[in-house]
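In: Starting from these lines, generate the structure:
(4 chains)
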2 protein chains.
Amino acid sequence: MVKYQKISNEIRKRIADGYYSSDQPIPDEITLAKEFGCSRMTMKRALDILVSEGVLFRKRGHGTFIIKSCMQNTINVVDRETLGLSNLLKGKDVTSKVIKFEVKFPSEEVAEQLSIDRTTPVYEVIRLRIVDKEPYVIEQTYMPTTLLPGINETVLHSSVYKYITETLGLTIAGSHRKIRASKPTQLDQEYLECAPDDPVLEVEAVGFLNNGSPFEYSFSRHRYDKFVFTTVNIRR
Amino acid sequence: MVKYQKISNEIRKRIADGYYSSDQPIPDEITLAKEFGCSRMTMKRALDILVSEGVLFRKRGHGTFIIKSCMQNTINVVDRETLGLSNLLKGKDVTSKVIKFEVKFPSEEVAEQLSIDRTTPVYEVIRLRIVDKEPYVIEQTYMPTTLLPGINETVLHSSVYKYITETLGLTIAGSHRKIRASKPTQLDQEYLECAPDDPVLEVEAVGFLNNGSPFEYSFSRHRYDKFVFTTVNIRR
DNA sequence: CAGTGGTCTAGACCACAAT
DNA sequence: TTGTGGTCTAGACCACTGT
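Out: Model (predicted):
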């Protein structure tokens, strides 16, 4: 943990604790820098994190203020989903049922999203993720076999994320995602136990490693009553 | 436009033009800094923007690389929705039908989200937004009358965003959003012209000004076949 | 004018990875 | 060891705001 992160965490904690009034600006950057024994640039960087999180905002010529509406927020359900569901819901009882596990040549769409050609085999995995005994999400995932060798049912039953990062020593860099509402498929109705008129929240994602290669193209279909996707949007 | 933005734009353009090979790292920060006549910190900042956009990623000890999967992306449908729908769909024919326009005391939930007490009147607006003659989204919006005086039917028929920024001279700072799938209500079916089993994509948002005050609490309900929410997620 | 945040610099040292 | 990006500094100057 580097200095700007420590400072950022401390300020975040202070805000949560009500240490600073939300009607007044927090102390100016130079004062805070002195308090934390760092340069103004480092202080600014610590505050930048909180601005990007939607906790603080700045007003040039005025000061830095707390965004009131950030307090009454529930848990951030997503926004860090590339950490893998097992991590996201740490503390919960997460299990997986493997519905499909095959190796095949990719469709044109899948090949394009994974930046591979159609002769590179991919895993096709369909898994039902179960949280505290309740069906939570059905994930359909395509992964290049070349990039992620050695995936098997054992891996699928625990954590693919863990396998990629720990066993293969790869680093996940991020993802591009699309979110839409959808009608339930037969599979959804069967495994998510939803009614024919229950909508489904679908998250389409391309995940990529820190070497730039897409490592997964996935469709996560969630029960509409158990999943909310949250984001923060800060204008610049 | 400041230096790091100009540089950032130039690099983005080069990537789009295929000026840099996506298999090789782009030139290192010091080399680029020399080329652009800036310090390394400024160069880093320019590249930071592209990293946050999911265009580049860095690998310590290696270099900075292009994310291949960023190329085949369609238009970013959202992510800048705080600009207002009129701006988002510029060039399209956007009209509004005002379904409800009242002033009332807020419910507990609305008061909490807007950080006001229950004695501060709010506008309640329900608008159908129509894009190129097709129903696009129903927005139910609550706004404090104190913060946004003078809203009327004329404003609602053009752009509330424009009214807030230009007429009132306020600055929109950002928003917190939650996205979920939902069953269609009677209102949805009537105005969005969707079937009883067509799902709806709902975006719940709290928008806030650059003085930290929440200025709107809204529910935007979209036809499932006409709206996709896109995001980029970069790990740090 | 004074006080705030925004940008930019030149340079130092650290962390990581390949050679 | 070399070369990369990551962090941090001390200070300069600019832009905006309210007095």
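In: which residues in chain A form strands?
Out: Taking DSSP state E as the test, the strands found in chain A are A:56-59, A:63-66, A:94-104, A:122-131, A:134-144, A:172-182, A:200-209, A:214-223, A:229-234.
In: quick one: which of those is nearest residue B:12?
Out: Closest to residue B:12 of the strands of chain A is strand A:172-182 (Cβ to Cβ; 15.9 Å). From N, CA and C alone the C-beta is placed, and that goes for glycine too.
In: so who does residue A:104 touch?
Out: Residues in contact with residue A:104 (Cβ atoms under 8 Å, 6 or more residues apart in numbering or on different chains) are A:121-122, A:124.
In: Also residue A:123?
Out: A:101-103, A:141-143, A:145, A:148, A:151.
In: Quickly name whichever of the contacts of residue A:104 is closest to residue B:16.
Out: Nearest to residue B:16 among these: residue A:122, at 27.7 Å, using Cβ to Cβ.
In: What score does the closest one have for pLDDT?
Out: With respect to pLDDT, residue A:122 scores 95.
In: ok, so what distance separates it from residue B:53?
Out: 27 Å (Cβ to Cβ, to the nearest Å).
In: swap in residue A:115?
Out: 18 Å.
In: More neighbours: which of the two?
Out: Comparing residue A:115 with residue B:53 by other Cβ atoms under 10 Å in any protein chain shown, the one with more neighbours is residue A:115, at 20 against 16.
In: Tell me the spacing between that one and DNA strand D.
Out: Distance, residue A:115 to DNA strand D, using Cβ to the nearest atom of the strand, to the nearest Å: 22 Å.
In: correct me, but that residue touches residue A:214?
Out: Yes: counting by Cβ atoms under 8 Å, residue A:214 is a contact partner of residue A:115 at 5.4 Å.
In: one step back: please type out the PyMOL selection for whichever of the contacts of residue A:123 turn out to be buried.
Out: Selection of buried members from the contacts of residue A:123 for PyMOL, criterion 16 or more other Cβ atoms under 10 Å in any protein chain shown:
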select buried, chain A and resi 141+142+143+148+151
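In: so which of the contacts of residue A:123 comes closest to DNA strand D?
Out: Ranked by distance to DNA strand D (Cβ to the nearest atom of the strand), the contacts of residue A:123 are led by residue A:148 at 24.0 Å.
In: So in chain A, where's the weakest helix or strand by average pLDDT?
Out: helix A:85-88 (a mean of 52; mean pLDDT, DSSP states H and E).
In: burial count for the residue in chain A that chain B sits nearest to?
Out: Across chain A, no residue is closer to chain B than residue A:199, which sits at 2.9 Å (Cβ to the nearest Cβ). Neighbours of residue A:199 under the rule other Cβ under 10 Å: 28.
In: next one: residue A:160
Out: Using other Cβ under 10 Å, residue A:160 has 24 other residues around it.
In: Can you verify my assumption that it contacts residue A:151?
Out: Yes: counting by Cβ under 8 Å, residue A:160 does reach residue A:151; the two are 7.1 Å apart.
In: for DNA strand D, what are the nearby residues on chain A?
Out: A:2-4, A:37-42, A:45, A:59-62 (Cβ under 7 Å from any atom of the strand).
In: Only whichever of these are buried, select them in ChimeraX.
Out: With 16+ other Cβ under 10 Å as the criterion, this ChimeraX line picks the buried residues out of the residues of chain A next to DNA strand D:
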select /A:4,38,42,45
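In: tell me which of the residues of chain A next to DNA strand D is nearest to residue B:135?
Out: Taking those together and measuring to residue B:135 by Cβ to Cβ, the closest member is residue A:59, at 38.4 Å.
In: where does chain A dip in pLDDT?
Out: Where chain A drops to pLDDT under 70, the residues are A:69-92, A:211, A:235-236.
In: Spell out which parts of chain A neighbour DNA strand C.
Out: A:25-26, A:28-31, A:40-41, A:44, A:58-64.
In: Which one of those residues is nearest to DNA strand D?
Out: Closest approach to DNA strand D among the residues of chain A next to DNA strand C (Cβ to the nearest atom of the strand): residue A:61, at 2.6 Å.
In: Please list all residues in contact with that closest one.
Out: Counting by Cβ under 8 Å, 6+ apart, residue A:61 has no contacts.
In: gap between it and residue B:142?
Out: Residue A:61 is 31 Å from residue B:142, by Cβ to Cβ.
In: close to chain B, is stretch A:179-197?
Out: Yes: on the criterion Cβ under 8 Å from any Cβ of the partner chain, stretch A:179-197 is in touch with chain B at A:179-183, A:196-197.
In: how close does residue A:160 get to residue A:129?
Out: In terms of Cβ to Cβ, residue A:160 sits 11 Å off from residue A:129.
In: mind giving me the domain split of chain A?
Out: Annotated domains of chain A cover A:3-70, A:81-223 [automatic domain parsing].
In: Serialize these to a markdown table and add fields for distance to residue B:204.
Out: Conversion of the domains of chain A to a markdown table gives the following (distance: least, Cβ to Cβ, whole Å):
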| stretch | distance to residue B:204 |
| --- | --- |
| domain A:3-70 | 12 |
| domain A:81-223 | 13 |
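In: Adding distance to residue A:230, write the contacts of residue A:123 out as CSV.
Out: CSV is the format used below for the contacts of residue A:123 (distance: Cβ to Cβ, whole Å):
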residue, distance to residue A:230
A:101, 31
A:102, 34
A:103, 35
A:141, 23
A:142, 26
A:143, 27
A:145, 34
A:148, 29
A:151, 30
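In: now for the contacts of residue A:123, which pair is the farthest apart?
Out: A:102 and A:148 (14.6 Å).
In: Now do the same contact list for the residue lying closest to residue A:32 once chain neighbours are set aside.
Out: Spatial nearest neighbour of residue A:32, excluding adjacent residues (Cβ to Cβ, 6 or more residues apart in numbering or on different chains): residue A:43 at 5.1 Å. Applying Cβ under 8 Å, 6+ apart to residue A:43 gives the contacts A:7, A:29-30, A:32-33, A:36.
In: Hmm, residue A:136 and residue A:226 touching each other?
Out: Yes: with contact defined as Cβ under 8 Å, residue A:226 counts as touching residue A:136 (6.2 Å).
In: returning to what we had before: now the residues of stretch A:179-197 next to chain B in CSV, with neighbour count and distance to residue B:191?
Out: Below are these laid out as CSV (neighbours: other Cβ atoms under 10 Å in any protein chain shown; distance: Cβ to Cβ, whole Å):
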residue, neighbour count, distance to residue B:191
A:179, 26, 22
A:180, 22, 20
A:181, 28, 17
A:182, 19, 21
A:183, 18, 20
A:196, 10, 24
A:197, 14, 19
